[in-house]
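Peer 1: mind folding the following:
(chains A and B)
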Amino acid sequence: MEAALTILLDGLQFSSYLFIVSAGLTIIFGVMKILNVAHGSFYAWGAYTAAFFIGKFSDMGLPDALGFLIIVAAAIVVGVILGFIIEQGILKHMYERDEVLIVLATFGLFLVLEDIILIAFGTDPYFAYQPMALLDSVELGGITRDVYGMTLIGVAAVVAVGCWWLLNKTKWGTLLKAVIFDREMGISMGINVPLVYTLTFIGGAILGGLGGAYIAPTISVAPGLGTEVIVLSFAVVVVGGMGSIAGAAIGSLIIGILRAIAVHELPQVELFVVFAVMAIVLVFRPEGLFAPAKPRKI
Amino acid sequence: MFNDRTAKFLLLAALVICVGGAFAPNWIVNQFMFGFSRALAILGLMVLWRTGLVSFGHAFYFGLGAYAVAILDSKLGVSDVFLRLLAGAVVAGVAGFLIGFIMRNYRDIFFAMLNTAISMVLFGIVVKTESLGSTDGFAISASTIFGLAPETKYPLFVIITLVGLTAALAVNFYLKTTFGKLTTAIRDNEIRVEYLGFSVAHAIHLKYTISTILAGGAGALMAMSLGQVDPESMINWTVSGELVFVTILSGPGNVIAPFIGSLVFEVLRTYAFELAPQAWQLIMGATFLTIIFFLPGGIWSLIEKLGGKKNEK
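Peer 2: Residues are numbered from 1 along each chain as shown, chains lettered A, B, ... in the order given. Next up is the predicted model:
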């Protein structure tokens, strides 16, 4: 029973963090049709920025509670700066090119951003445990969990509800859906599509950064961070259906819980299981498990 | 075939390189060995790229080839160069042929992603399996040639060059056959190709299998050149990215391009690493972006321009 609860909570935590990162990836894909490999770098940048400043603030004797502010600020700063530069500097000039070529360009960006991290932050790992230590741990059904990890689930829920609200209840969401459905028609109706693209990319980048910044206190922030995350988020968005927020949620739940089961019961298959699911979904339902049928445009 | 400029050039170049290698210092020989080993995989990816397909997971076949050599070596003690090469190419080719039945129905992003998924499955298995060397991989004993153990790397270098030559000539010949010419045709308009009476699925399946055999052979040669295999530098998705990178760098223009591109890649990597150990990926990434933006035809298009398009044949 306790083991099952541990698996469930571990799975939910892992799913939550996957969801935050993948939501950004899937939004960018849904609107702009860009499969952004550099998304892994947003994550890594978020983690490094947060860890660096949490450490600095703590050294300066400022209260540890500021850590939470830093996490949010790091995500926003990283997302806005990197997102803006990349979209305006590189991607904007590629929209007319082949989709696959854009993927390759983002891979080039990924390599560049990985090394700028090394240059900026060095190769030594960072530990930013303060926010986690601050929240202590709780007894829950006979097992001890740290509260910080549990708040991750809350953050993911906030992100999910926020995305849903933005898409379905605001004018911006309606515009966004119009652009997703038919970009050219959107332009002719007077939607400022370039602006929508820029904002979408920045929004997605912020989510990527937030995933990294929020997870930073629970891990050692070391080089190569983004490499694993990006393929995991690919698996998530593929399983749920590329371009759908609900899909990202379902995908991260499936992958997160499967991985938690694997870690506890059969650690040898931890990675295998994730990508086997991805491959199987691609083979049988390339559009994703729960993606609605698409109307074909001529 | 021998009226063909490309074939003539390849034969001449191989001769020059083989002879030159005998006098070249060790590090140059090494660069050529790594470069030409990788070039074999690039040759296959080039065939796919001409068809409009980009695989972000050919490290699967590259890794299969490399690990075939490693497992033959550690479990059975096979050290013959040709047996090892054959094993790598056959294992990868069989896997590629089988997976090709699924893969031939996929295009664009989905093609790239399914390949990634499959390669990461193998990565996941290898990393977590003790008997497959886990994250450490295997060291590979020195290769022998018909039972003889050469003292220098030169014989292996000659073999790699000759294998590269053979593969390049074969692909060059293939691209001139009707089925081979279906590459660009499929990229431009699949429906028309079907109306011409060809099966697009069959054509793609064949090209995919060719590319996997070549990638497997490349992995086997790379394993022998390096003397070791490990998942991080043989199977992880970044390796697939690297292979695609070199393909774009080389350009799809000619079968010579992958060899030039791979050499440039090796040299670039070595120098970037020496110049700035913390920034070599940055240099690679920036080069990649520059190529995508300003030189979509890769290095080969530069050569074509310099040679006034004479080599295009």
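Peer 1: tell me the SS of residue A:288?
Peer 2: Look at residue A:288: counting by DSSP: H, G, I helix; E, B strand; the rest coil, its state is coil.
Peer 1: quick check: phi and psi at it.
Peer 2: phi 100, psi 160 (degrees, to the nearest 10).
Peer 1: just the helices in chain A please.
Peer 2: Secondary structure of chain A by DSSP state H: the helices cover A:2-32, A:39-59, A:66-89, A:99-121, A:130-135, A:147-169, A:171-181, A:183-188, A:193-215, A:225-240, A:245-265, A:270-284.
Peer 1: between these, which one is closest to residue B:263.
Peer 2: Residue B:263 lies closest, by CB to CB, to one member of the helices of chain A: helix A:99-121, at 19.9 Å. Every residue, glycine included, has its C-beta placed from N, CA and C.
Peer 1: show me what the closest one is packed against.
Peer 2: Taking 3 or more CB pairs under 8 Å, 6 or more residues apart in numbering or on different chains; DSSP states H and E as contact, the helices and strands that helix A:99-121 lies on are helix A:39-59, helix A:225-240, helix B:108-128, helix B:237-250, helix B:280-294.
Peer 1: okay, those helices in JSON lines with distance to residue B:208 next?
Peer 2: Converted to JSON lines, these look like this (distance: least, CB to CB, whole Å):
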{"stretch": "helix A:39-59", "distance to residue B:208": "27"}
{"stretch": "helix A:225-240", "distance to residue B:208": "20"}
{"stretch": "helix B:108-128", "distance to residue B:208": "9"}
{"stretch": "helix B:237-250", "distance to residue B:208": "15"}
{"stretch": "helix B:280-294", "distance to residue B:208": "24"}
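Peer 1: residue A:105 is nearest to which of those helices?
Peer 2: helix B:280-294 (5.2 Å).
Peer 1: what does the pLDDT read for residue A:255?
Peer 2: Residue A:255 carries a pLDDT score of 91 in this model.
Peer 1: swap that for residue B:236, sorry
Peer 2: The model's pLDDT for residue B:236 equals 88.
Peer 1: contacts only, for the nearest residue to it once chain neighbours are set aside.
Peer 2: Nearest non-adjacent residue to residue B:236, counting by CB to CB, 6 or more residues apart in numbering or on different chains: residue B:123, 5.6 Å away. Residue B:123 is in contact with A:271, A:275, B:59, B:63, B:231, B:235, B:236, B:237, counting by CB atoms under 8 Å, 6 or more residues apart in numbering or on different chains.
Peer 1: any idea how far chain A is from the residue lying farthest from the centre of chain B?
Peer 2: Distance from the C-alpha centroid of chain B peaks at residue B:195, with 32.5 Å (CA atoms, centre = their mean). From residue B:195 across to chain A, the span is 18 Å (CB to the nearest CB, to the nearest Å).
Peer 1: quick check: buried residues in stretch B:96-113?
Peer 2: B:96, B:99, B:100, B:103, B:104, B:106, B:107, B:109, B:110, B:111, B:112, B:113 (16 or more other CB atoms under 10 Å in any protein chain shown).
Peer 1: actually stretch A:56-68, not the one I typed
Peer 2: So for stretch A:56-68, counting by 16+ other CB under 10 Å, buried means A:57, A:58, A:64, A:66, A:67, A:68.
Peer 1: okay, those residues in a markdown table with distance to residue A:170 and pLDDT next?
Peer 2: Converted to a markdown table, those look like this (distance: CB to CB, whole Å; pLDDT from 0 to 100):
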| residue | distance to residue A:170 | pLDDT |
| --- | --- | --- |
| A:57 | 34 | 81 |
| A:58 | 38 | 79 |
| A:64 | 35 | 73 |
| A:66 | 31 | 78 |
| A:67 | 31 | 77 |
| A:68 | 26 | 83 |
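Peer 1: select, from the residues you listed, the two members most distant in space.
Peer 2: Taking CB to CB, no two of these sit farther apart than A:58 and A:68, at 13.0 Å.
Peer 1: residues in contact with the closest residue to chain A within the stretch 201-313 of chain B?
Peer 2: In the stretch 201-313 of chain B, the residue that lies nearest chain A is residue B:285 (3.1 Å; CB to the nearest CB). Residue B:285 makes contacts with A:107, A:108, A:109, A:110, A:111, A:112, A:113, A:114, A:115, as judged by CB under 8 Å, 6+ apart.
Peer 1: distance-wise, check the residue farthest from the centre of chain B relative to residue A:290.
Peer 2: Distance from residue B:195 to residue A:290, counting by CB to CB, to the nearest Å: 36 Å.
Peer 1: quick one: is the longest helix anywhere in chain B near chain A?
Peer 2: Across chain B, the longest stretch assigned as helix under DSSP H is helix B:200-226. No - judged by CB under 8 Å from any CB of the partner chain, helix B:200-226 and chain A are separated, with a smallest distance of 15.1 Å.
Peer 1: which other helices and strands does that helix contact?
Peer 2: helix B:26-50, helix B:59-71, helix B:81-103, helix B:154-176, helix B:178-188, helix B:190-195, helix B:231-234.
Peer 1: chain center to stretch B:41-55: distance?
Peer 2: Distance, stretch centre to chain centre, for stretch B:41-55: 10 Å (CA atoms, centre = their mean, to the nearest Å).
Peer 1: er, stretch A:36-46 actually
Peer 2: How far stretch A:36-46 lies from its chain's middle: 8 Å, per CA atoms, centre = their mean.
Peer 1: in that stretch, what's buried?
Peer 2: Buried, per 16+ other CB under 10 Å, within stretch A:36-46: A:36, A:37, A:38, A:39, A:40, A:41, A:42, A:43, A:44, A:45, A:46.
Peer 1: what stretches of chain B score poorly on pLDDT?
Peer 2: For chain B, applying pLDDT under 70 flags the ranges B:1-3, B:308-313.
Peer 1: do that again at 50, thanks
Peer 2: B:1, B:311-313 (pLDDT under 50).
Peer 1: any idea how far residue B:41 is from the nearest residue to residue B:184 once chain neighbours are set aside?
Peer 2: Nearest non-adjacent residue to residue B:184, counting by CB to CB, 6+ apart: residue B:50, 5.8 Å away. Counting by CB to CB, the gap from residue B:50 to residue B:41 is 15 Å.
Peer 1: looking at the two, which is more packed in?
Peer 2: residue B:41 (33 against 20; other CB atoms under 10 Å in any protein chain shown).
Peer 1: burial check on residue 276, number of neighbours?
Peer 2: You didn't say which chain, so I picked chain A. Residue A:276 - counted by other CB under 10 Å - has 19 other residues nearby.
Peer 1: oops, I was thinking of chain B
Peer 2: Residue B:276 is flanked by 14 other residues according to other CB under 10 Å.
Peer 1: doesn't residue B:283 make contact with it?
Peer 2: Yes - if you go by CB atoms under 8 Å, residue B:276 and residue B:283 touch, sitting 7.0 Å apart.
Peer 1: pull out the buried residues from stretch B:158-168.
Peer 2: Buried, per 16+ other CB under 10 Å, within stretch B:158-168: B:158, B:159, B:160, B:161, B:163, B:164, B:165, B:167, B:168.
Peer 1: show me what from chain B comes close to chain A.
Peer 2: By the rule CB under 8 Å from any CB, the part of chain B lying against chain A is B:54, B:56, B:102, B:106, B:108-110, B:112-114, B:116-118, B:120-121, B:123-125, B:127-129, B:236-238, B:241, B:244-245, B:248, B:278-282, B:284-286, B:288-289, B:292-293.
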